[in-house]
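Q: structure here, sequence nowhere to be found:
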Ligand SMILES: CC(C)(COP(=O)(O)OP(=O)(O)OC[C@H]1O[C@@H](n2cnc3c(N)ncnc32)[C@H](O)[C@@H]1OP(=O)(O)O)[C@@H](O)C(=O)NCCC(=O)NCCS
């Protein structure tokens with residue numbers, strides 16, 4: 001199966017499972033593929049993508065966006081950490097994050113930032129990994145069911 005279709009299935013699974021990652025459920029295959037086609041055009045320009053594969057299926061992904069600002073060429077943002085429901089709690093996200101952090105450090109990025117839904121499991125995991133919370137913005141985005149939620153911001157120095 002083509003890569004776009006495979007990562008689209010991952011995104012659909014995560015959104016339909018209730019995660020707030022920029023889409024509402026149910027996520028159509030067409031919208032999911034359109035999103036990844038957009039990512040394809042920027043990957044390896046200033047966006048880098050890791051995928052985790054198990055039994056021929058893409059079960060996780062994460063993106064790292066390098067800031068292009070002249071005063072921020074030490075900074076990058078972690079985006080769209082996704083693990084399919086069936087493969088959670090097996091260390092997939094840990095491996096993806098480790099790969100992204102090593103790559104960032106090897107390429108001179110010393111400050112990472114990310115944001116996530118307040119109260120989500122992801123928020124607890126970032127705290128567990130030692131990311132520093134810097135605050136929350138109430139009613140920042142809608143979750144997959146369309147309700148507004150607060151967003152928490154984190155950073156990590158490498
Ligand atoms: C958040 C998510 C990516 C985690 O993926 P995962 O593969 O299940 O995570 P892992 O099994 O790799 O666990 C990550 C770490 O968190 C720890 N952990 C697990 N559950 C935890 C919890 N409830 N609270 C704190 N830490 C927890 C694990 O022990 C592991 O620690 P380690 O790296 O020290 O071994 C996954 O649940 C997901 O895709 N959620 C929906 C999408 C989402 O919200 N993404 C984040 C967008 S910013």
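A: Great, that's in hand. This structure is a prediction, so every number in the text was calculated from the model and none was measured.
Q: leaving out the residues flanking it, which one is nearest to residue 18?
A: Leaving out its chain neighbours, the residue that sits closest to residue 18 by CB to CB, 6 or more residues apart in numbering is residue 144, at 5.3 Å. Glycine gets a C-beta too; all of them are placed from N, C-alpha and C.
Q: quickly note the distance from that neighbour to the ligand.
A: Residue 144 sits 10 Å away from the ligand, going by CB to the nearest ligand atom, to the nearest Å.
Q: surely that residue is in contact with residue 13?
A: No: counting by CB atoms under 8 Å, residue 144 stays clear of residue 13, with 11.5 Å between them.
Q: if we can go back for a sec, and the residue nearest to residue 18, what pLDDT?
A: Looking at residue 144, its pLDDT is 94.
Q: list the contacts of it.
A: 15, 16, 17, 18, 19, 20, 21, 23, 24, 25 (CB atoms under 8 Å, 6 or more residues apart in numbering).
Q: how far away is it from residue 7?
A: 18 Å (CB to CB, to the nearest Å).
Q: which bits of the chain sit near the ligand?
A: Residues of the chain found near the ligand (CB under 6 Å from any ligand atom) are 14, 19, 21, 81-83, 88-94, 116, 120-122, 124-125, 128.
Q: buried ones in stretch 69-80, by neighbour count?
A: 75, 76, 77, 78, 79, 80 (16 or more other CB atoms under 10 Å).
Q: excluding chain neighbours, what is closest to residue 114?
A: In space, residue 114 is closest to residue 78, 4.1 Å off (CB to CB, 6+ apart).
Q: for the one you found, helix, strand, or coil?
A: strand (DSSP: H, G, I helix; E, B strand; the rest coil).
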